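Trainee: kindly return the folded structure for what I paste below:
(chains A, B, C and D, ligands or ions: 4)
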Amino acid sequence: MKKMMTYSEGIREGMSAAMRKDPDVVLFGEDVGMFGGCFGVSAGMFDEFGPERVRDTPISESAIIGCAVGAASTGLRPIAEIMMMDFLTVAMDQMCNNAAKLRFMTGGALHFPMVIRTAGGAGVNAAAQHSQSLEAWVTHVPGLKMVFPSNAQDAYGLMLSAVADDNPVVYEEHKAMLAMESEVDLDEGPIPLGVGKVVRPGSDVTIVAVGNMVHQALAAAETLEKDGIDCEIIDPRTLYPFDFDMVANSIDKTHKAIVVSEEVKRGGYMGEISAQISENLFDSLDAPVVRIGALNTPVPFSPALEPIYLPNAEDIVKAVRSQG
Amino acid sequence: MKKMMTYSEGIREGMSAAMRKDPDVVLFGEDVGMFGGCFGVSAGMFDEFGPERVRDTPISESAIIGCAVGAASTGLRPIAEIMMMDFLTVAMDQMCNNAAKLRFMTGGALHFPMVIRTAGGAGVNAAAQHSQSLEAWVTHVPGLKMVFPSNAQDAYGLMLSAVADDNPVVYEEHKAMLAMESEVDLDEGPIPLGVGKVVRPGSDVTIVAVGNMVHQALAAAETLEKDGIDCEIIDPRTLYPFDFDMVANSIDKTHKAIVVSEEVKRGGYMGEISAQISENLFDSLDAPVVRIGALNTPVPFSPALEPIYLPNAEDIVKAVRSQG
Amino acid sequence: MADNKDMVKDLYLTMRRIREFETNAMNLFAEGKIPGFVHLYLGEEAVASGVCSNLREDDYITSTHRGHGHIIAKGGDLKFMMAELFGKATGYCKGKGGSMHIADGTRGIIGANGIVGAGQSISTGVGLQILLHKTDQVCVCFFGDGSTNQATFHESLNLAAVWNLPIVFVCENNGYGISNPQSRHQKIKDVADRAVAYGIPGVVCDGNDVFAVRETSAEAIKRAREGKGPTLVECKTYRQRGHFEGDPAIYKPKEEQEAWLKKDPLDKMSKWMTDEGGFSAAEVKAIDDQVKAEVAEAVKFAEDSPYPTPESGVEDVYSDIVEEVRDR
Amino acid sequence: MADNKDMVKDLYLTMRRIREFETNAMNLFAEGKIPGFVHLYLGEEAVASGVCSNLREDDYITSTHRGHGHIIAKGGDLKFMMAELFGKATGYCKGKGGSMHIADGTRGIIGANGIVGAGQSISTGVGLQILLHKTDQVCVCFFGDGSTNQATFHESLNLAAVWNLPIVFVCENNGYGISNPQSRHQKIKDVADRAVAYGIPGVVCDGNDVFAVRETSAEAIKRAREGKGPTLVECKTYRQRGHFEGDPAIYKPKEEQEAWLKKDPLDKMSKWMTDEGGFSAAEVKAIDDQVKAEVAEAVKFAEDSPYPTPESGVEDVYSDIVEEVRDR
Ligand SMILES: Cc1ncc(C[n+]2csc(CCOP(=O)(O)OP(=O)(O)O)c2C)c(N)n1
Ligand SMILES: Cc1ncc(C[n+]2csc(CCOP(=O)(O)OP(=O)(O)O)c2C)c(N)n1
Ligand SMILES: [Mg+2]
Ligand SMILES: [Mg+2]
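Mentor: Ligands and ions are numbered 1, 2, ... in the order given. As a prediction, this is how the structure comes out:
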């Protein structure tokens, strides 16, 4: 049954479905309870699942993730929320040294089925400590998986898979997309981790875009269509494991690639993807890969500066044209 | 005046020279005082500079870096030690959200001349929480600079520049290199940040290697010389700002590039460098760039596994040969 | 109580300035002129005003996401503050920081901060700097009740205690961390009890009574100035608005809100001034009028100011690298 | 004191097992057979032995970098432990973790951990799991004095208190965090005082007296089991060796070291057993001999075991991704 749903509702439906199915799935974090989460994503879940399974925590991010690690290792499947992706910084140790590594370090004696939800991204004038996109940090850590949905259907389906996965999965929610509506079919169920999606088929250039940038890429493709340039847009949806085959197949056809994300460009995960493309598809490329990211600066507050900081459709159009 | 010195002594001489010159330079961290640091790097400095300027802290990494931030913003030039690079995780917030961003966020009202020293790298069977190379995380953060010396002379000269710099500089020390001896001329003074070094001139292939991998690259070059392949090895020394011109000039000559670091390969900083090379020197390259890093796993403990995890000279030899 | 009339006037002036600034910010946010997140200090004015009345210009403060009051009390310029809230080039941070990041190095304001708990650890460094430079300055570190459960509260108070740093830790216990009441984020009633864990004094005062705040913090500041180390001062107060503008704060019990509104620090103070302090209603009104004019001027300044130029977006990342950061 | 002879025997057996294991590890490290960092528990045996004597097999513990004692006391297999120290394929972690990372899910051993403070926050999750599954299990969280200045100590004890989790926090105060004596890393004498900050009970006991440890922790464990929430138990003890093997520990005053050696927990216990406990010297020796044989067998097992295969290095990173992580 199809219906219109916001991105935010897609996330919530995913969590709720998982919690209905398995009593060991619990949600905790700052203000996720009666308040419904800082952005309202978990609104109503406290009422449905009660105070035992939807729990407010003190402002203690290390404890939140550490708690998820301990809970996961002994039988729960926690969904832990870190309110803003920027605050992963105060929980990096638990996330990267414990959640990610302990399965390996204990030779498989323990395992950690857990989801870390966190709101990333800029565009709401929240300044440099509430707007970051830190995909590169997460994807660099062996033992972590990471998903980043760009619409409500994916938000729903990826949440189901993330909760069902036996490994720690970081689930990024873009705060500027929360209210974005799109059609969802809840019967479609889980979307397997590691499977990308061709959001727009095309033959002239491959654009790999993640999160909110998928929408910028779609806008760019419309503009370029008028020039007679036919863009293929791939949304990997899962950042790790990454569906490189889908990208490679596309480039075999287009011979050109643009990669776009909202991260600060220097050291962003799209650099990794660009490197993989150039290294592995060297003979197939007709032009250098172009990477598009945010300026290499902290995220500025001012409404006059933030749009300049962010990559957008126009940048993508320019990049495609530059490849000739 | 030249003399033989260990890497560790090079670091210490750099810190000591800076402290002799400027009373506002102070050193603090866990066990850096009478104990001389967990690896002995600051041995003797407590005696020379006294308990006011060489200070032991409790086990409180966030406070250590936060303290450096506050001290730097009001007139000191602190050198703060985080014992192991792996423990940056517990201080990421102070390092990335405060030290790195506050100059920008305050529109230049405050600035942060500070050095964060930390021991990275594997090779001593210290397992996954005491062996990581996290260059990618640091270099991805606008506002931070980062240096990573590969020998005692550079350790000395880069420390002088790091302390003199008006921005936060992360200074990585490789724990497996601490006892490595090389010739040092203390009169040579500071090495400017952002200036790489051609460690071995050559004409057939450009190898960019950092930290301990410089030595693996040198070993590989010797082997390859016997095959008649002449490697040019570049040690960037500063990871950000990065001396891309030096790399580009070299590739203009060799038309081939290998990049090597000890980081986990996926998402490592060498991926960024590989991407920059492929994107900017597309027409100059005769073969795909090859990136060499560690396995995409946590660092294993066993003496039987750690050497397999780590990249080495043989990997470099193979990579060069694969480029034909 | 009040040492003298000038002092009372100054205290009231500061409180009124904060109240007026915040009320304007509230309205301007509602009108869509101020973007982003805005956390108002309405109801907590006595804390910053009382504490900072003991400070010298060369003393330091660190602040929080709810920082306007602290910054005004420490002498921050209303024009530059308001312009920053608007994201204008003339703002304290040239529009790059916004409400949560205002700093003024020339007045010892080492910044508001968007990370809960950040100020605590930064204050230790300011304290260390003072210690090593052997001056008799102090640093006051403001923070909320919710933040006392954060890592840095603990690490910083311990470090300050061990190093005997000249810091006064001021907890503004306004009863909530966002929607979470104190009773659900910690099992203790008095945050000041946590001082025991660090072997330092902990004291509690009525944070809606500016005289009580002034006196209690005066002693702690004196201790710090004399090299006797840090103190944890808890001021009990109340956040009259939601956590940020836009939060309807339905989690606050109505009776609680009403009871606290009756204890409004400005009402309390102006009543005291006319009832007991020897001020005429006209004198009080004169202050109010002066403040109104000041804030109106600040708003006008902000509105008339230009936005930052695109070029400025790549400045101030580093002291020496500019163009290179433009690459995207 | 001692409930009965069997119990005394068990306590002594555990302590002796730890002592023997550690002494062997010390020598094997010196011989170069054990690589990496080794942090020995010598002198602290009474803590783990006393506490864990109250635990059921289905209870949980979290541990630290100095974890051998905890793991042995919770029933860890000496052979798999020693093999892990050697980095062998038959070790608890298949050689991937080493001394600092031993875990045994089947015995509730949720891992030693190389990050100071990590176990504290992990224990809160174990506690939450118990709470939600409504069993009467408990989780004991072991940690050192130095770690009580770390972020997670604070956040975790607060969370455990607020959620009323079935956790016993056991601080092994051995006087040092590496080279830093307690007097220089915190201003308080009793770590247990920090319980005040969380509104939970805090108690102190002689950590070199296994009966005192057993009794004190028994009460805390009972509270936790009955759903009355967490307790902070401090055991005063001493690290007889350096921080890690290779540390000559010149920062320890000679008199201090000597005084504590006189209070050696094993000496104390064996003396008590023969003087007051009704054991003959031969009975004690029989235990010692049994333990010697066990540990000798463990060492032989470790020495005879194969190293992990290269292929195993890419296993156990994920439950489902293997080959892909090999790329370098
Ligand atoms: C590390 C971190 N975690 C969470 C947040 C989100 N957050 C902003 S303010 C706040 C509540 C702070 O409560 P309190 O310290 O009592 O200050 P108050 O807002 O009441 O003044 C939270 C959770 C943050 N900014 N930083
Ligand atoms: C976060 C972190 N910081 C620092 C270290 C280095 N380190 C390992 S053990 C230790 C001392 C711990 O002291 P304590 O908690 O008293 O335990 P003890 O060694 O005395 O048993 C330190 C500083 C670490 N492993 N993790
Ligand atoms: Mg509050
Ligand atoms: Mg200790």
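Trainee: who in chain C is up against chain D?
Mentor: C:149-155, C:158-159, C:161-162, C:184-188, C:193-194, C:196-200 (Cβ under 8 Å from any Cβ of the partner chain). C-beta coordinates here come from the backbone N, C-alpha and C atoms, glycine included.
Trainee: taking those residues one by one, which sit in helices?
Mentor: C:151-155, C:158-159, C:161-162, C:184-185 (DSSP state H).
Trainee: taking those together, which two end up most distant?
Mentor: C:V162 and C:R184 (31.3 Å; Cβ to Cβ).
Trainee: the more surrounded of those two?
Mentor: C:V162 (23 against 16; other Cβ atoms under 10 Å in any protein chain shown).
Trainee: can you show me the strands along the stretch 201-328 of chain C?
Mentor: C:202-206, C:231-236 (DSSP state E, counting those that start in this stretch).
Trainee: pick out the residue in the stretch 51-200 of chain A sitting closest to ligand 4.
Mentor: Relative to ligand 4, the nearest point of the stretch 51-200 of chain A is A:D93 (19.6 Å; Cβ to the ion).
Trainee: I'd say that residue and B:D93 touch.
Mentor: No - under the criterion of Cβ atoms under 8 Å, A:D93 makes no contact with B:D93, lying 10.6 Å away.
Trainee: got the angle for the one helix or strand A:A71 maps to vs helix C:151-162?
Mentor: According to DSSP states H and E, A:A71 maps onto helix A:61-73. Interaxial angle, helix A:61-73 versus helix C:151-162 (axes from the mean of the first three to the mean of the last three Cα atoms, to 10 degrees): 120 degrees.
Trainee: wait, does helix A:61-73 contact chain C?
Mentor: Yes - Helix A:61-73 lies within reach of chain C by Cβ under 8 Å from any Cβ, at A:61-62.
Trainee: just say which of the strands of the stretch 201-328 of chain C is most tucked in.
Mentor: Across the strands of the stretch 201-328 of chain C, averaging neighbours per residue (mean count of other Cβ atoms under 10 Å in any protein chain shown) puts strand C:231-236 on top, at a mean of 26.
Trainee: kindly state the pLDDT recorded for the residue nearest to C:D264 when sequence neighbours are not counted?
Mentor: Excluding the flanking residues, the one nearest C:D264 by Cβ to Cβ, 6 or more residues apart in numbering or on different chains is C:G43, at 6.7 Å. For C:G43, the model assigns a pLDDT of 98.
Trainee: wasn't C:G43 part of a strand?
Mentor: No - under DSSP: H, G, I helix; E, B strand; the rest coil, C:G43 sits outside any strand and is assigned coil.
Trainee: contact partners for it?
Mentor: Counting by Cβ atoms under 8 Å, 6 or more residues apart in numbering or on different chains, C:G43 touches C:174, C:208, C:237-241, C:260-261, C:264-265.
Trainee: before we move on, what about A:I191?
Mentor: A:154, A:157-158, A:160-161, A:237.
Trainee: how about it, nearest residue that isn't a chain neighbour?
Mentor: In space, A:I191 is closest to A:G157, 3.3 Å off (Cβ to Cβ, 6+ apart).
Trainee: so how far is stretch C:301-321 from its chain's centroid?
Mentor: Its chain's average C-alpha position is 25 Å from that of stretch C:301-321, according to Cα atoms, centre = their mean, to the nearest Å.
Trainee: quick one: it near chain B?
Mentor: Yes - applying Cβ under 8 Å from any Cβ, one finds stretch C:301-321 in contact with chain B at C:315-321.
Trainee: and that stretch, does that touch chain A?
Mentor: Yes - using Cβ under 8 Å from any Cβ, we find that stretch C:301-321 touches chain A at C:307-308, C:310, C:312-314, C:317.
Trainee: which two from these end up farthest apart in space?
Mentor: So, the residues of stretch C:301-321 next to chain A by Cβ to Cβ: farthest apart are C:Y307 and C:V317, at 18.9 Å.
Trainee: mind checking which of those two has more residues around it?
Mentor: When neighbours are counted by other Cβ under 10 Å, C:Y307 and C:V317 differ, and C:V317 comes out ahead with 26 against 16.
Trainee: tell me the pLDDT of the more buried one.
Mentor: pLDDT at C:V317 comes out at 97.
Trainee: also C:V325?
Mentor: 88.
Trainee: that one contacts C:E315, doesn't it?
Mentor: No - counting by Cβ under 8 Å, C:V325 does not reach C:E315; the two are 9.1 Å apart.
Trainee: among these two, which residue is more densely surrounded?
Mentor: C:V325 (22 against 18).
Trainee: how about the nearest residue to the more buried one, chain neighbours excluded?
Mentor: A:N296 (4.1 Å).
Trainee: again with A:I11
Mentor: A:I11's closest residue in space is A:A155 (Cβ to Cβ, 6+ apart), at 4.7 Å.
Trainee: right, and the one you found touches A:Y7 too?
Mentor: Yes - the pair A:A155 and A:Y7 passes the contact test of Cβ under 8 Å, sitting 5.4 Å apart.
Trainee: which of these two has more neighbours?
Mentor: Neighbours were counted for A:A155 and for A:Y7 using other Cβ under 10 Å; A:A155 has more, 34 against 28.
Trainee: the helix or strand hosting A:I79 vs chain D: in contact?
Mentor: In the assignment (DSSP H and E), A:I79 maps to strand A:77-84. Yes - judged by Cβ under 8 Å from any Cβ, strand A:77-84 comes into contact with chain D at A:P78.
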